[in-house]
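> give me a 3D structure for the following:
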Amino acid sequence: MSSQHIHQAIILGAGYGGLGQGAQLVRDGIDDFLILEKSHAIGGVWRDNTYPGAACDTQTPIYCYSYFLHLSATKMYAGQPELLQYLHDLATEYKLDNRIRLRHHVVDAVWDEQTKVWTLRTEDGTEFRCRAFIPAWGQLSTPQIPDFPGADCFEGNSFHSARWQHDIDFAGARVASIGNAASAVQYIPALAPLVAHLTVFQRSANYILPRDQRVFTDTERKQFNAAPATFRELREAIHTFREDGFTRTRLGTSDAKAGADQARAHLFTQVADPQLRADLTPDYEFGCKRILRSDDYYPALTRENVDLVTAPIKDITPSGVRTADGVDHEVDIIVYGTGFHSQAFQGHLRISGREGINLDERWGNSPEAHLGITVDGFPNMFLVYGPNTNLNHNSVVTMLEAQHRYIASCVQYLGDDAQNVLDVDPVTLRVFNDRVQEELKSSAFSADCSSWYKNSDGRVINNWCGTADEYHALTDSIDLSDFGIRA
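Next comes the predicted model:
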């Protein structure tokens, strides 16, 4: 089944990145586009992550688009239901619902050099054609569970935190959390009071800063809606504060030391036991891994019914988890808080560019893109939240908005003329990426630790090397010479 119509653009994914891109296209007067979503509903990570305590660890005023402020925010760090509602409201405001095609799992995307058109084929064989192909698949969408020996033989319930099984009764159960990072520090405090016993298996300790959650008063919320400028002022203040914190991610800076000192002070304030403190103290540079925020994770670990285990996991047994020190930890439920396949940007999608080259082959284990958006040999393909566009110091939504504006400008340039093609010059991409990688050498992201920011060779392929403001300046307008086009 094939649609002969050639759309101006097709966006892949209806999460924060895809919906925001759709909104920006509408704002720029681009009407002929679709959003293809493989799931049954929109929302991306905020649709999938429904575990107890799920919330954003970035302040709400900067975790929204500048043109569509989250004026209904109830607290400084919004929870999952509120963020999902924001995305639904965004889709309604920009009339995206009639452009979204749910349960459309795209498995192939092929560039045709003769017609200058992308053809996208879904799992059921349906084909769509477009001038501009805009993958917005995200970096944290595909759950990852380590291949522990014996995992299939476990006789209890087990699942990944991003696939939470809400029909399971945790009351009185013995529970294992394998993992202790961004998701786990949220669901562990929620589970601890419910269960008979909770065992937290930690591979490495995290730097955790206070969250200092603040619930907005009724007066504040009314003021946000009556005078949005007050919300915008708060947003600007937080953005500036977070941008100033960029130096915390640089190796050897006084600000990095201050950040580590703040995290240690938070730990020492909340945990009195010397051994537990030692187990929870990171042995790597501040910022090398994702910096977390929580006010209730450490207190949860001090409960009598909670144990922290730092011995490596050897295997999963029918009755629980066996660690390398020979101890069998018997449990009824295993929750895998083990993160995502953060470096498989394209997932299982096969993307074929000029001369049939596959994106997997082009990238190998080191994904790269000019401005994190365009890849040579893949004309008119524009990535949202692509390689080296993630942040540790500010809101990724700020980065997304810059990409959306840049990509919308590219779609406008393509127009209706099939001869208009944007294929980034390989030299342009190489120069850009070499500069990014060189600057990352002095970043904590490149320090000696294992993190999802790096590939197997230790190369940082997820994170941006500078500030959000610097990225906005670079993506402010299209430089046609980047694509070998003389104005």
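> for the stretch 51-200 of the chain, which spans come out with low pLDDT?
For the stretch 51-200 of the chain, applying pLDDT under 70 flags the ranges 140-141.
> now do the helices in it.
Using DSSP state H, counting those that start in this stretch, the helices of the stretch 51-200 of the chain run over 80-93, 184-191.
> most packed of those?
helix 184-191 (a mean of 23; mean count of other CB atoms under 10 Å). Every C-beta, even on glycine, is put in place using the N, C-alpha and C of the backbone.
> from the contact counts, what lies against that one?
Applying 3 or more CB pairs under 8 Å, 6 or more residues apart in numbering; DSSP states H and E, we find helix 184-191 packed against strand 174-178, strand 197-201, helix 297-301, strand 333-336.
> of these, which approaches K441 most closely?
The closest of the helices and strands packed on helix 184-191 to K441 is helix 297-301. By CB to CB, the value is 31.9 Å.
> ok, residues contacting that closest one?
Residues outside helix 297-301 that contact it (CB atoms under 8 Å, 6 or more residues apart in numbering): 185-186, 188-189, 192, 200, 208, 266-267, 270-271, 276, 280, 306, 308.
> okay if I get the helices and strands packed on helix 184-191 as JSON lines plus mean neighbour count and distance to P149?
Output for those, formatted as JSON lines (neighbours: other CB atoms under 10 Å; distance: least, CB to CB, whole Å):
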{"stretch": "strand 174-178", "mean neighbour count": "25", "distance to P149": "14"}
{"stretch": "strand 197-201", "mean neighbour count": "23", "distance to P149": "15"}
{"stretch": "helix 297-301", "mean neighbour count": "21", "distance to P149": "27"}
{"stretch": "strand 333-336", "mean neighbour count": "24", "distance to P149": "14"}
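> in a markdown table: those, plus distance to C64.
Below are the helices and strands packed on helix 184-191 laid out as a markdown table (distance: least, CB to CB, whole Å):
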| stretch | distance to C64 |
| --- | --- |
| strand 174-178 | 30 |
| strand 197-201 | 32 |
| helix 297-301 | 26 |
| strand 333-336 | 30 |
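> what about the strands in the stretch 251-400 of the chain?
292-293, 306-309, 313-317, 320-323, 328-330, 333-336, 350-352 (DSSP state E, counting those that start in this stretch).
> quick check: mean pLDDT of the last one?
Meaning strand 350-352. For strand 350-352, mean pLDDT is 96.
> thought Y187 was touching L198, still the case?
No - using CB atoms under 8 Å, L198 is not in contact with Y187; the gap is 10.3 Å.
> common neighbours of these two, please.
S177.
> re the thing from before, quick one, which of the helices and strands packed on helix 184-191 gets closest to T230.
When the helices and strands packed on helix 184-191 are compared by CB to CB, helix 297-301 sits nearest T230, at 31.9 Å.
> please compute how far the closest one lies from its chain's middle.
On the basis of CA atoms, centre = their mean, to the nearest Å, helix 297-301 sits 25 Å off its chain's mean C-alpha point.
> for the stretch 301-450 of the chain, give me the ranges with low pLDDT.
Within the stretch 301-450 of the chain, the ranges that satisfy pLDDT under 70 run 342-347.
> of all the strands of the stretch 251-400 of the chain, which one comes closest to F33?
Nearest to F33 among these is strand 350-352; the distance by CB to CB comes to 18.6 Å.
> any buried residues in that closest one, and which?
For strand 350-352, the neighbour count (16 or more other CB atoms under 10 Å) marks I351, S352 as buried.
> likewise stretch 223-235?
Q223, F224, F231, L234, R235.
> touching that stretch from outside, list them.
If you take CB under 8 Å, 6+ apart as the criterion, stretch 223-235 is touched by P61, I62, S66, L69, L71, S72, A73, F216.
> rerun at 10 Å
Contact partners of stretch 223-235, identified using CB atoms under 10 Å, 6 or more residues apart in numbering, comprise 59-64, 66, 69-73, 76, 216-217, 220-221, 395.
> what mean pLDDT does that stretch have?
97.
> then it to CSV, C-alphas only?
What follows is stretch 223-235, C-alpha atoms only, in CSV (Å, rounded to 0.1, in the frame of the first residue of the first chain):
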residue,chain,number,x,y,z
GLN,A,223,-0.3,34.9,38.4
PHE,A,224,1.5,32.7,35.9
ASN,A,225,-1.7,32.5,33.8
ALA,A,226,-2.9,36.1,34.3
ALA,A,227,0.6,37.5,33.6
PRO,A,228,2.8,35.0,31.7
ALA,A,229,5.7,37.4,31.9
THR,A,230,6.1,36.4,35.5
PHE,A,231,6.6,32.8,34.4
ARG,A,232,9.0,33.9,31.7
GLU,A,233,11.0,35.9,34.2
LEU,A,234,11.4,32.8,36.4
ARG,A,235,12.3,30.8,33.3
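> re earlier: farthest pair in the contacts of helix 297-301?
Using CB to CB, the contacts of helix 297-301 span at most 19.7 Å, a distance reached by Q186 and L276.
> out of the contacts of stretch 223-235, which end up buried?
59-64, 69-71, 73, 76, 216, 221, 395.
> dump those into JSON lines; add distance to R99 as well.
JSON lines is the format used below for the buried ones among the contacts of stretch 223-235 (distance: CB to CB, whole Å):
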{"residue": "Q59", "distance to R99": "30"}
{"residue": "T60", "distance to R99": "27"}
{"residue": "P61", "distance to R99": "28"}
{"residue": "I62", "distance to R99": "27"}
{"residue": "Y63", "distance to R99": "24"}
{"residue": "C64", "distance to R99": "21"}
{"residue": "L69", "distance to R99": "23"}
{"residue": "H70", "distance to R99": "22"}
{"residue": "L71", "distance to R99": "24"}
{"residue": "A73", "distance to R99": "26"}
{"residue": "M76", "distance to R99": "33"}
{"residue": "F216", "distance to R99": "33"}
{"residue": "R221", "distance to R99": "31"}
{"residue": "S395", "distance to R99": "26"}
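> report the two of these separated the most.
Within the buried ones among the contacts of stretch 223-235, R221 and S395 form the most distant pair, 20.6 Å apart (CB to CB).
> what helices or strands is the lengthiest helix in the chain leaning on?
Taking DSSP state H as the criterion, the chain has its longest helix at helix 396-414. Secondary-structure packing of helix 396-414 (3 or more CB pairs under 10 Å, 6 or more residues apart in numbering; DSSP states H and E): strand 2-12, helix 16-27, strand 127-135, helix 228-244, helix 468-474.
> could I get these as a markdown table with distance to D169?
A markdown table is the format used below for the helices and strands packed on helix 396-414 (distance: least, CB to CB, whole Å):
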| stretch | distance to D169 |
| --- | --- |
| strand 2-12 | 38 |
| helix 16-27 | 32 |
| strand 127-135 | 40 |
| helix 228-244 | 39 |
| helix 468-474 | 43 |
